[in-house]
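Participant: no FASTA, just this:
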């Protein structure tokens, strides 16, 4: 979906009088990123109009000199934004075809979202729903709305998913269960669904009590790791209880706070669920994931991603951090944008 560098520079620095500048900048820019230690380049011998055009591209006012220090990251970002913006135009094509690409997808989709960042690739979300579904309300939490999306897939080669997740509204807020049956395949699936049924049967329980209820319901199964989170937008708190290695992370707009789970296996032996409370900030984001996702993921590594649709967040984390040898579940929740 990207044009050649010179075509994008043509859009950013148009006009025949800037053709020599485009040629020099393209050559320098294409050479410099080969050395990751290089963050800036200098372009010398600039005329006044060339200096002004480059300064405008970088979004900086600079006193005219015959040379200019150029931040490669800023140039890369400008080129990428130019390419993406063009690709989102209906009918746009880089190769002379009909252009039934991103522009058409955005026009026809009920929900469209796109995330792209240098070195992190590009991901696109297009959701098509019926008019009645598009106007239906999202789950209410104390007068507010939550958007909750997930990716949950079985291990490659399996037909049954050993992971499961479910959401459930309560008077206090919205409860979310993520359960990871031990291993994978039919027996893990049986354990996960025993936990889901028990969770649904006791909608008034707090997270620690819900974990205990699931634990007792899985006595005849191989067991599971699981966690329950309850989001109460007012007074702004997330209550969390877990057993085993289901991860939780709350994004507050600048850093992530990781939740705490107790050791053990639900359905086996004796467990002692403990509930922890965390602040739920305005614009907060909750991510819960089974251990089919590696432990190396972090929203800090994806600038701006937390502001996007939760389905896109879940999809990108799955794309980049799935272990590939286990069932995997990623659940993302945040307050709906008004």
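Facilitator: Looks like it arrived, so ask away. This structure is a prediction, so every number in the text was calculated from the model and none was measured.

Participant: give me the below-cutoff pLDDT ranges for the stretch 101-250 of the chain.
Facilitator: For the stretch 101-250 of the chain, the stretches with pLDDT under 70 are 118, 131-144.

Participant: ranges for the strands of it?
Facilitator: Counting by DSSP state E, counting those that start in this stretch, one finds strands in the stretch 101-250 of the chain at the ranges 111-117, 121-127, 140-141, 144-153, 163-169, 174-181, 224-232, 237-243, 247-251.

Participant: how about these in JSON lines, adding mean neighbour count?
Facilitator: For the C-beta atoms, the positions are set from N, CA and C on the backbone; glycine is no exception. Formatted as JSON lines, the strands of the stretch 101-250 of the chain follow (neighbours: other CB atoms under 10 Å):
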{"stretch": "strand 111-117", "mean neighbour count": "17"}
{"stretch": "strand 121-127", "mean neighbour count": "16"}
{"stretch": "strand 140-141", "mean neighbour count": "18"}
{"stretch": "strand 144-153", "mean neighbour count": "18"}
{"stretch": "strand 163-169", "mean neighbour count": "20"}
{"stretch": "strand 174-181", "mean neighbour count": "27"}
{"stretch": "strand 224-232", "mean neighbour count": "27"}
{"stretch": "strand 237-243", "mean neighbour count": "24"}
{"stretch": "strand 247-251", "mean neighbour count": "21"}
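
Participant: I'd like those written out as JSON lines, with distance to residue 209 added.
Facilitator: Converted to JSON lines, the strands of the stretch 101-250 of the chain look like this (distance: least, CB to CB, whole Å):
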{"stretch": "strand 111-117", "distance to residue 209": "36"}
{"stretch": "strand 121-127", "distance to residue 209": "35"}
{"stretch": "strand 140-141", "distance to residue 209": "19"}
{"stretch": "strand 144-153", "distance to residue 209": "22"}
{"stretch": "strand 163-169", "distance to residue 209": "14"}
{"stretch": "strand 174-181", "distance to residue 209": "11"}
{"stretch": "strand 224-232", "distance to residue 209": "9"}
{"stretch": "strand 237-243", "distance to residue 209": "8"}
{"stretch": "strand 247-251", "distance to residue 209": "18"}
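
Participant: quick one: closest of those to residue 104.
Facilitator: Among the strands of the stretch 101-250 of the chain, strand 121-127 comes nearest to residue 104, with 9.8 Å by CB to CB.

Participant: quick one: contacts of that closest one?
Facilitator: Applying CB atoms under 8 Å, 6 or more residues apart in numbering, the external contacts of strand 121-127 come out as 1, 84, 102, 105-106, 108-116, 308-309, 311-312, 315-316, 319.

Participant: which of those count as buried?
Facilitator: Buried members of those, counted by 16 or more other CB atoms under 10 Å: 102, 105-106, 112-116, 308-309, 311-312, 315-316.

Participant: what is the neighbour count of the nearest residue to residue 255 once chain neighbours are set aside?
Facilitator: Closest residue to residue 255 apart from its sequence neighbours, by CB to CB, 6 or more residues apart in numbering: residue 300 at 6.8 Å. Counted with other CB atoms under 10 Å, residues neighbouring residue 300 total 12.

Participant: isn't residue 300 right up against residue 258?
Facilitator: No: taking contacts as CB atoms under 8 Å, residue 300 lies outside contact range of residue 258: 12.0 Å.

Participant: hmm, residue 232 is touching residue 171, no?
Facilitator: No: applying CB under 8 Å, one finds residue 232 not in contact with residue 171, separated by 9.8 Å.
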